[in-house]
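Chemist: I need the structure of the sequence given here:
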Amino acid sequence: MPELSATDLFDRLRAMRLPLGTYAVFGSGPLAAHGLINEIGDLDVITSEATWKRVEHFGTIEMHGEDPVVDLGNGLTFGRSWAYGDVDVAQLIESAETIDGLPFVRLDAVAAYKRIAARPKDLRHIELMESAGLG
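Modeler: Numbers count the residues shown, from 1 in each chain. Next comes the predicted model:
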């Protein structure tokens, strides 16, 4: 999958005008928001049930492991849970930090998730966060 500009993906998400407090950017997106990376494969967004119902009609529902996600086909992917670990989506959304008008899962939670996933890109991201003293 080609890497995409994080800035472009953030603009696409912002244009959807989803209600704050019902979603948060997860995965690699928070690293981009903190300036640790510039390009990402896609933008993973965790959602409340209400926001899930709002976006599920605009894309293709795919399975990531046992978890359904909505892929909008434009680099935005929405899920009510995520594939690795026991993720408390409501808590992650509630504790999200707002950067440039978008909610992002806090880096400590992203780092914990990436340690569980332990894919090659996750290990690189953990190194970046640790080098920057974040996460």
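
Chemist: Mind listing the strands the helix or strand in which I46 is found pairs with, and their directions?
Modeler: Assigned by DSSP states H and E, I46 falls within strand 43-47. With DSSP bridges as the test, strand 43-47 is paired with strand 23-26 (antiparallel), strand 76-79 (parallel).

Chemist: who touches it?
Modeler: Strand 43-47 has contacts (Cβ atoms under 8 Å, 6 or more residues apart in numbering) with 4, 6, 9-10, 12-13, 22-29, 55, 75-82, 87, 89, 92-93, 105. Heads up, the C-betas are built off the backbone N, CA and C, glycines and all.

Chemist: Mind doing that once more with 7 Å?
Modeler: 9, 13, 22-27, 29, 55, 75-80, 82, 89, 92-93 (Cβ atoms under 7 Å, 6 or more residues apart in numbering).

Chemist: Name the residue closest to the centre of the protein, please.
Modeler: By Cα atoms, centre = their mean, the mean C-alpha position of the chain lies nearest to F26, the distance being 2.2 Å.

Chemist: is that one in a bridge, and if so with what?
Modeler: Beta-bridge partners, per DSSP bridges, of F26: D44.

Chemist: which residues of the protein fall in helices?
Modeler: Secondary structure of the chain (DSSP state H): helices at 6-15, 29-33, 49-55, 89-94, 107-117, 120-131.

Chemist: among these, which is the most enclosed?
Modeler: helix 29-33 (a mean of 25; mean count of other Cβ atoms under 10 Å).

Chemist: Can you tell me which helices and strands that one packs against?
Modeler: With contacts defined as 3 or more Cβ pairs under 7 Å, 6 or more residues apart in numbering; DSSP states H and E, helix 29-33 has these neighbours: strand 102-104.
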